[in-house]
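Student: Model the structure of this input:
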Amino acid sequence: MNQFAGPKSQISPIMNGFAVTPSDTVDFTNSTRCIIIGGGDGTLVGITIGGDTLTFAGLITGVVYPFAFSRINSTGTGATTIVGMY
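Tutor: Down below sits the predicted model:
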């Protein structure tokens, strides 16, 4: 039995993840609940699940950021080895 099955809330544990390939046109199959940058501190430009474009500068490798993104743009994103989790 999976005690984490069912509706997810903001405090539910992460159940899945994927390597992010930044793109200016292709949305993720599953929106993120958070991301982690595995290498290359820097800037990230993301599209929220609400459709807003947000730019975050100075992001640090190894930190989990609670960003709900439907896409991370390649233009303007300098951070690398990004993992999306949901």
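Student: Can you list the low-confidence ranges for the chain?
Tutor: Across the chain, residues meeting the criterion (pLDDT under 70) sit at 1-10.
Student: The same query, at a cut-off of 80, please.
Tutor: Within the chain, the segments meeting pLDDT under 80 span 1-12.
Student: now the strands for it?
Tutor: 17-19, 34-39, 42-48, 53-59, 64-65, 69-72, 80-85 (DSSP state E).
Student: and residue 85, how many neighbours?
Tutor: The number of residues packed near residue 85 is 16, by other Cβ atoms under 10 Å. No exception for glycine: its C-beta is placed from N, CA and C like everyone else's.
Student: just to revisit the earlier point, go through the strands of the chain and name the closest to residue 27.
Tutor: Using Cβ to Cβ as the measure, strand 69-72 is the one of these that comes nearest residue 27, at 4.7 Å.
Student: okay but residue 17 is in contact with residue 83, surely?
Tutor: Yes. With contacts defined as Cβ atoms under 8 Å, residue 17 counts as touching residue 83 at a distance of 5.4 Å.
Student: Give me the nearest residue to residue 80, chain neighbours excluded.
Tutor: Of all residues beyond its chain neighbours, the one nearest residue 80 is residue 40 (3.4 Å), with distances taken as Cβ to Cβ, 6 or more residues apart in numbering.
Student: Residue 81 and residue 43: what is the separation?
Tutor: For residue 81, the distance to residue 43 under the criterion Cβ to Cβ, to the nearest Å works out to 14 Å.
Student: Next: residue 31.
Tutor: For residue 31, the distance to residue 43 under the criterion Cβ to Cβ works out to 21 Å.
Student: Now do the same contact list for the nearest residue to residue 68 once chain neighbours are set aside.
Tutor: Excluding the flanking residues, the one nearest residue 68 by Cβ to Cβ, 6+ apart is residue 49, at 4.9 Å. Listed by Cβ atoms under 8 Å, 6 or more residues apart in numbering, the contact partners of residue 49 are 31, 68, 69, 70.
Student: For PyMOL, what selects the buried ones among those residues?
Tutor: A single PyMOL command is used to select the members of these judged buried by 16 or more other Cβ atoms under 10 Å:
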select buried, resi 31+69
